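[1] Predicted model follows, preceded by the sequence.
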Amino acid sequence: MKWILILAAAFTLAACSKGGGAAPSTTIAISIMPNSLIVPKSISTSIQVINTDPMTGTKDVTTQAVCTSNNPLATVINGQVSNNYTGSTVQLAQITCTYQGQSVTIPMTIVPAILQSLVLTKTSLTMAPGQSQAIQVYGNFVDNLTYVFALDMTNYVTWSSSASGVSSGNKGSISASSVGSANLTASFASQSVATGVTVTNGAATSSTPRGVGLTGTYYDFVGPIVQNGVMTDPFATLFGSRIDSQVYFNWSTGTNNLGQPLYFGICWTGRIFIPTTGTYTFFTQTDDGVRLWINDVQVIDNWTLHSSVEDSSGGIALTGGQFYNIRMDYFENAGYSQAELRWQGPSILKALIPQINLFPQ
């Protein structure tokens with residue numbers, strides 16, 4: 001079964017990306033969406049090839065473009081990217097697509113990973129008869145360094161209902177029929193996840209949001225970070241993007257979870273859901289540099305070379321039930337590497353920010 005993986009990063013602030021992205025507005029060019037791929041081994045994914053013409057607009061030319069891979073482990077046919085890798089180390093590839101003389105290349109990273117669980121982006125749904133709600137199903141995968149990342153599996157799970165006359169699920173939608181209660185279950189292979197659905201007369205749609213993590217966009221740069229007294233851009237070359245379930249990484253002196261060994265930058269972006277009104281403090285534990293923004297306001301700035309150190313934001317007043325933009329920038333300059341993000345707030349002891357409170361866009 002082929003899983004479509006769309007992991008284009010959604011930035012909540014000024015993007016830290018370089019390379020990829022939209023075509024220039026004054027010339028005819030092509031682009032690939034997403035602009036990077038990070039996939040589990042032996043899994044098929046999907047890309048789109050877009051032709052941009054300032055006179056005629058954009059057009060999907062996926063089936064007309066010629067796409068190739070520089071790594072024999074990966075093949076591309078009509079936008080379907082397949083890999084037959086079964087090993088235990090990270091593998092790299094480049095996907096190049098050509099259309100009417102224009103070419104574009106994106107990076108692809110094949111990660112040894114195992115499906116650990118399924119996650120619904122909404123739970124405890126309430127609706128009136130005839131209403132529906134959009135819902136997504138993500139898979140949590142454990143990579144080769146035991147870190148968890150999420151992939152959208154909405155189109156590939158099988159839905160079942162304890163009372164199909166009350167409510168049922170189909171791909172990215174939950175629908176309500178008659179008044180009553182039902183338990184809906186999404187399943188894939190040996191994994192499943194369930195939610196309750198209540199259908200009542202006159203009820204407006206409601207649900208409890210559940211996050212899947214932040215979009216982590218990974219970059220390479222030519223180190224060291226400081227050259228001739230000038231700070232190097234750690235977001236120089238796009239390596240790939242994925243949804244990290246938490247910012248909780250300690251790579252010690254080894255390579256990171258994508259096989260980057262020495263000089264790399266990561267930009268985590270998305271939204272954070274605040275459960276209770278009150279004062280929150282955010283903490284980063286990093287080696288090396290870190291910057292943190294909450295609600296588009298920079299609250300931590302330690303963009304320096306340093307050993308593992310904790311930085312804090314100070315108290316921030318936030319409203320319960322609201323989403324706020326969040327972004328964390330990080331760079332590693334060889335040697336020991338670590339990046340962790342915690343919070344503390346009303347009835348919350350200092351802890352890692354849970355996956356359920358983090359949203360990729």
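    Received it, and whenever you're ready, just let me know what you need.

[2] Just the residues contacting stretch 59-72, thanks.
    Identification of contacts with stretch 59-72 by CB atoms under 8 Å, 6 or more residues apart in numbering yields 30, 47-51, 53, 75-76, 78-79, 81, 91-99, 108. Just so you know, the C-beta spots here come from the backbone N, C-alpha and C atoms, and that holds for glycine as well.

[3] Which ones among those map onto helices?
    Applying DSSP state H to those, no entry is found in helices.

[4] which among these end up buried?
    30, 47-51, 75-76, 79, 81, 91-93, 95-97, 99, 108 (16 or more other CB atoms under 10 Å).

[5] quick one, what contacts the most centrally placed residue in the chain?
    Nearest to the geometric centre of the chain sits Ile243, at 2.3 Å (CA atoms, centre = their mean). With contact set as CB under 8 Å, 6+ apart, Ile243 has these partners: 7, 138, 149-151, 212-216, 360.

[6] ok, now Ala194?
    Here Ala194 is in contact with 183-186 (CB under 8 Å, 6+ apart).

[7] Which strand or helix spans it?
    strand 191-199 (DSSP states H and E).

[8] Would you mark the buried spots in that strand?
    Buried residues in strand 191-199 (16+ other CB under 10 Å): 193, 195, 197-199.

[9] Starting from it, tell me which strands it pairs with and how they run.
    strand 122-127 (parallel), strand 180-188 (antiparallel) (DSSP bridges).

[10] picking that back up, just the closest of the buried residues of strand 191-199 to Ile353, please.
    Closest to Ile353 out of the buried residues of strand 191-199 is Val193 (21.0 Å), distances taken as CB to CB.

[11] how does this structure divide up, domain by domain?
    Split into domains by automatic domain parsing, the chain comes to 29-111, 114-209, 214-359.

[12] Redo the ones you listed as CSV? Include mean pLDDT.
    What follows is those, written out as CSV (pLDDT from 0 to 100):
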stretch, mean pLDDT
domain 29-111, 92
domain 114-209, 94
domain 214-359, 95
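
[13] Doesn't Glu340 belong to a strand?
    Yes - the assignment for Glu340 by DSSP: H, G, I helix; E, B strand; the rest coil puts it in a strand.

[14] What strand or helix carries the closest residue to it other than its chain neighbours?
    Once flanking residues are discounted, Glu340 sits nearest to Gln285: 4.2 Å by CB to CB, 6 or more residues apart in numbering. Secondary-structure assignment from DSSP H and E places Gln285 in strand 278-287.

[15] Check which element follows that strand along the chain.
    Next element after strand 278-287 (DSSP H and E): strand 290-294.

[16] So which residues make contact with stretch 227-237?
    The contact list for stretch 227-237 (CB under 8 Å, 6+ apart) reads 16-19, 219-226, 263-265, 267, 289, 303, 329, 331.

[17] Of these, keep whichever come out buried.
    The buried subset of the contacts of stretch 227-237 (16+ other CB under 10 Å) comprises 16-17, 219-221, 223, 225, 263-265, 267, 289, 303, 329, 331.

[18] Just flag the most distant two among the residues you listed.
    Ser17 and Gly223 (19.3 Å).

[19] coming back round to it: sitting in strands, which of the buried ones among the contacts of stretch 59-72 do you find?
    Judged by DSSP state E, the subset of those located in strands is 30, 48-51, 75-76, 81, 91-93, 95-97, 99, 108.

[20] separation between the residue nearest to Glu340 and Ser312?
    In this view, Gln285 and Ser312 are 10 Å apart by CB to CB, to the nearest Å.

[21] So for those two, which sits in the more crowded spot?
    Taking other CB atoms under 10 Å, Gln285 and Ser312 do not tie; Gln285 has more neighbours (18 against 15).

[22] and Thr253, how many residues sit next to it?
    Quick note: Thr253 (other CB under 10 Å) scores 9 neighbours.

[23] who touches it in this structure?
    Counted by CB under 8 Å, 6+ apart, Thr253 has contacts 335-337.

[24] Nearest to Val179 among these?
    For these, the nearest to Val179 is Ser337 (55.2 Å; CB to CB).

[25] The closest one contacts Ser252, correct?
    Yes - here Ser337 reaches Ser252: they are 7.3 Å apart, a contact under CB atoms under 8 Å.

[26] of these two, who's got more company?
    Ranked by neighbour count (other CB under 10 Å), Ser337 and Ser252 place Ser337 first, with 25 against 10.

[27] does the nearest residue to that one once chain neighbours are set aside sit in a helix or strand, and which one?
    In this structure, Ser337 finds its nearest non-sequential neighbour in Trp251, 4.4 Å apart by CB to CB, 6+ apart. Per DSSP H and E, Trp251 falls inside strand 248-252.

[28] What are the buried residues along that strand?
    Using 16+ other CB under 10 Å as the test for burial, strand 248-252 gives 248-249, 251.

[29] Please enumerate residues in contact with it?
    Against strand 248-252 from outside (CB under 8 Å, 6+ apart): 145, 147, 256-257, 332, 336-341, 352.
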